[in-house]
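Peer 1: No letters, just coordinates:
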């Protein structure tokens, strides 16, 4: 069947609605249904389907495998929200707010178990060992990236190299894996599988850099999150790290002042830090680096050597990531 | 190779010491090494080896599969200790005390991922799907049992049926699975596999009932935990549930008084509740029910139809569980 995004998106949402991972005790399974129903872009299952469509027509056969990746992603959100004490997820109360920390912890655990069970039930036996192995490696990396991110919170300085390695692990490898799994399910050659993984990886790093930029420079009514949230939280984003690299002694002192300031007016902090970002042109530099990752993604796509009409769908997807405003 | 417990125990400890699941970031992997090194009876890996030895000689080949179950068990302890806010585990600081809640949460997550990876690396491909499927089902049940246990904390009354179903899920199914996996790896017939699973399940329920009894009636210098801990925490154990079933109105009022009492002297509470237990002979009844589960276990062992010298090892193991004083 030909691939179009509207049909694929509807098929993903429909499959999520039909997903029933368990019933009792309700405290364990209601939170799973809840977080899965909160929406989101569903990028990862879409990438599984696109990975399959890159080399074969029957993308709809992989809907359940695609859901497993979305389940894993939502498991990480559920547990990350506990760690971050986040009150809201996609504008709705987080699981630990709506229920409590213990329920969020435990329903996350069962969600990870059910992700494996879902893969087991829906992957063809011949591909099961290789895909499960790659999934385990990917899942461990996502945890490592999250731990690095947590470690960065307690530090005054983080190098650009450390930061890029963190976002690669926390965000990008799962996008790469999604495409890789789809391609493996489609019977792609090892060269194509590797190139599509690389496409997802590079796209994922660019995606996260875009997130850093939008957090400061996004349109408030489009972005959906509070503009300047990263600045208030002293998040070591590309922008802050590059600013600290380039700052003169006075700018360094000012950045350090705001990072240590307590009881400050949040908007004053956002304005002051943004002013330094502007003086140092870090937005332009972030965009340059981001674009180099997007270029890498397109180069990997070329190396995947796909039929032109199939490559076109993947290029459209990348374009929508590049142009996103939220 | 012939099976003896001393050699098997040493082999398990040695394999645990050699286990290296990852290095960086250290906050993620040090807690795993730490909790795995705290010791314990290592019942579950022993049961995997015994399950294999029940039908085949090469029990040492299954050491790594056995470790995976111990890893999973320790993952559940790590997360349960966060939920219970437990300060100590086997006399040492718990992971969330030694590090913090977020690190404990995340290193538990990666521990579960590494459990699956370990199974993948060490199970023969032909048995991988069936064993992984049974492992997923078991792991979900353990989470369900833990959630039921948490739910019971917030309730005034729990029925005996609910309680027995909780300990079956939280504790017994993993002992059953350990034997089942060993037997599957040994190429046992479906009938033997099912009988050994049942043996572990019944043994596990008896094991937990013994725990309830020891918590109140154990020898303080042998038990290793505080005597009366369950009474202080208002844990809905077999003893409390049966006492509430049998109590006359005055005894019910007294039990409710102590369960609602705050700022009370712990020893007074223990003595008072124990006095009611003694009046109602709940210890004897718990022992009777416990023994019926141990009888069921031995009956299942007979149904497994093993060679006599192999059955003997499993009987010895059950005997050590029955006679344990800690």
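Peer 2: Received the coordinates, thanks. The structure presented is a predicted model; accordingly, all values stated were derived computationally and were not measured. Numbers count the residues shown, from 1 in each chain, chains lettered A, B, ... in the order given.
Peer 1: From now on I want contacts and neighbour counts done on CA atoms only, so please keep to that.
Peer 2: Fine.
Peer 1: Give me the residue ranges of chain A where confidence is low.
Peer 2: Along chain A, the model assigns pLDDT under 70 to no residue.
Peer 1: Kindly list the longest helix within it.
Peer 2: When chain A is parsed with DSSP state H, its longest helix is helix A:190-217.
Peer 1: buried stuff in that one?
Peer 2: A:192-217 (16 or more other C-alpha atoms under 10 Å in any protein chain shown).
Peer 1: Summarise which helices and strands it is packed against.
Peer 2: helix A:160-167, helix A:173-185, helix A:229-232, helix A:238-246, helix A:282-304, helix A:308-323 (3 or more C-alpha pairs under 8 Å, 6 or more residues apart in numbering or on different chains; DSSP states H and E).
Peer 1: That one: how far from the chain's middle?
Peer 2: Its chain's C-alpha centre and that of helix A:190-217 lie 9 Å apart, by C-alpha atoms, centre = their mean, to the nearest Å.
Peer 1: same thing with stretch A:189-209?
Peer 2: Relative to the chain's own centre, stretch A:189-209 is displaced by 13 Å; criterion: C-alpha atoms, centre = their mean.
Peer 1: what does it contact?
Peer 2: The contact list for stretch A:189-209, computed with C-alpha atoms under 8 Å, 6 or more residues apart in numbering or on different chains, reads A:51, A:164, A:167-168, A:171-180, A:183-184, A:238, A:286-287, A:290-291, A:293-294, A:296-301, A:303-306, A:318, A:321-322.
Peer 1: mind running it again at 7 Å?
Peer 2: A:167-168, A:171-173, A:175-177, A:179-180, A:183-184, A:238, A:286, A:290-291, A:293-294, A:296-298, A:300-301, A:303-305, A:318, A:321 (C-alpha atoms under 7 Å, 6 or more residues apart in numbering or on different chains).
Peer 1: Over to stretch A:18-36?
Peer 2: Contacts of stretch A:18-36 (C-alpha under 7 Å, 6+ apart): A:74, A:95, A:103, A:106, A:107, A:111, A:114, B:144, B:147, B:148.
Peer 1: go on, stretch A:210-220?
Peer 2: For stretch A:210-220, contacts defined as C-alpha under 7 Å, 6+ apart pick out A:227, A:228, A:229, A:230, A:237, A:238, A:283, A:290, A:325.
Peer 1: got it, and stretch A:317-326?
Peer 2: By C-alpha under 7 Å, 6+ apart, the residues outside stretch A:317-326 that reach it are A:203, A:207, A:218, A:222, A:223, A:224.
Peer 1: need the residues of chain A near chain B, please.
Peer 2: Residues of chain A lying close to chain B (C-alpha under 7 Å from any C-alpha of the partner chain) are A:25, A:28, A:83, A:102, A:106, A:110, A:113, A:117, A:120, A:133, A:136, A:139-140, A:143-144, A:147-148.
Peer 1: So which of the residues you listed belong to helices?
Peer 2: A:28, A:83, A:102, A:106, A:110, A:113, A:117, A:120, A:133, A:136, A:139-140, A:143-144, A:147-148.
Peer 1: Look up how far residue A:244 lies from residue A:44.
Peer 2: Note on residue A:44: its distance to residue A:244, by C-alpha to C-alpha, to the nearest Å, is 33 Å.
Peer 1: and what of residue A:223?
Peer 2: Distance of residue A:223 to residue A:244, given as C-alpha to C-alpha: 26 Å.
Peer 1: got it, and residue A:127?
Peer 2: 47 Å.
Peer 1: neighbour-wise, which of these two wins?
Peer 2: residue A:244 (22 against 13; other C-alpha atoms under 10 Å in any protein chain shown).
Peer 1: ok, how many other residues are close to the residue nearest to the more buried one when sequence neighbours are not counted?
Peer 2: Spatial nearest neighbour of residue A:244, excluding adjacent residues (C-alpha to C-alpha, 6 or more residues apart in numbering or on different chains): residue A:252 at 6.3 Å. Residue A:252 has 15 neighbours, counted by other C-alpha under 10 Å.
Peer 1: Residue A:252: which element?
Peer 2: Assigned by DSSP states H and E, residue A:252 falls within helix A:249-260.
Peer 1: what do you get for residue A:78?
Peer 2: Using DSSP H and E, the element containing residue A:78 is helix A:63-83.
Peer 1: Which residues outside the next helix or strand after that helix are in contact with it?
Peer 2: Scanning forward in sequence from helix A:63-83 by DSSP H and E, the next helix or strand is strand A:88-89. With contact meaning C-alpha under 7 Å, 6+ apart, strand A:88-89 is reached by residue A:94.
Peer 1: and the next element down the chain from strand A:88-89?
Peer 2: Of the helices and strands lying after strand A:88-89 in sequence (DSSP H and E), the nearest is strand A:92-93.
Peer 1: strands paired with that following strand, and their directions?
Peer 2: Here strand A:92-93 has these sheet partners by DSSP bridges: strand A:88-89 (antiparallel).
Peer 1: count of residues packed around residue A:37?
Peer 2: Per other C-alpha under 10 Å, the neighbour tally for residue A:37 reads 12.
Peer 1: and it, how far is that from residue A:124?
Peer 2: In terms of C-alpha to C-alpha, residue A:37 sits 27 Å off from residue A:124.
Peer 1: give the contact list for the closest residue to residue A:95 other than its chain neighbours.
Peer 2: In this structure, residue A:95 finds its nearest non-sequential neighbour in residue A:104, 5.8 Å apart by C-alpha to C-alpha, 6+ apart. When contacts are counted by C-alpha under 7 Å, 6+ apart, residue A:104 touches A:78, A:95, A:96.
Peer 1: Tell me the one of those residues nearest chain B?
Peer 2: Closest approach between these and chain B, by C-alpha to the nearest C-alpha: residue A:78, at 11.5 Å.
Peer 1: contacting residues around that closest one?
Peer 2: A:95, A:104, A:108 are the contacts of residue A:78 under C-alpha under 7 Å, 6+ apart.
Peer 1: Not including adjacent chain positions, what is the nearest residue to residue A:305?
Peer 2: residue A:192 (6.9 Å).
Peer 1: so how far is residue B:141 from the one you found?
Peer 2: Distance, residue A:192 to residue B:141, by C-alpha to C-alpha: 40 Å.
Peer 1: Who's the closest spatial neighbour of residue A:49, skipping the chain neighbours?
Peer 2: In space, and not counting its chain neighbours, residue A:49 is closest to residue A:59: 5.4 Å by C-alpha to C-alpha, 6+ apart.
Peer 1: Go ahead and confirm that neighbour touches residue A:52.
Peer 2: Yes - under the contact definition of C-alpha atoms under 7 Å, residue A:59 touches residue A:52, with a separation of 5.6 Å.
Peer 1: Tell me how many other residues crowd residue A:128.
Peer 2: 19.
Peer 1: tally of neighbours for the residue nearest to it when sequence neighbours are not counted?
Peer 2: The shortest distance from residue A:128 to any non-neighbouring residue, by C-alpha to C-alpha, 6+ apart, is to residue A:120 (7.1 Å). When neighbours are counted by other C-alpha under 10 Å, residue A:120 registers 22.
Peer 1: same check, this time on residue A:265
Peer 2: Look at residue A:265: counted by other C-alpha under 10 Å, it has 10 neighbours.
Peer 1: The one 10 residues further on now?
Peer 2: Around residue A:275 there are 12 other residues, counting by other C-alpha under 10 Å.
Peer 1: Helix or strand: which one has it?
Peer 2: Using DSSP H and E, residue A:275 maps to helix A:266-280.
Peer 1: That helix packs against which elements?
Peer 2: helix A:229-232, helix A:238-246, helix A:249-260 (3 or more C-alpha pairs under 7 Å, 6 or more residues apart in numbering or on different chains; DSSP states H and E).
Peer 1: Quick one: distance of the longest one to the chain centre.
Peer 2: For helix A:249-260, the separation from the chain centroid amounts to 30 Å (computed by C-alpha atoms, centre = their mean).
Peer 1: got the contact list for stretch A:106-126?
Peer 2: A:21, A:28-29, A:31-32, A:64-65, A:68, A:71-72, A:75, A:78-79, B:133, B:136, B:139-140, B:143.
Peer 1: Could you identify the buried members of the residues you listed?
Peer 2: The neighbour-count test (16+ other C-alpha under 10 Å) marks A:28-29, A:31-32, A:64-65, A:68, A:71-72, A:75, A:78-79, B:133, B:136, B:139-140, B:143 as buried among the contacts of stretch A:106-126.
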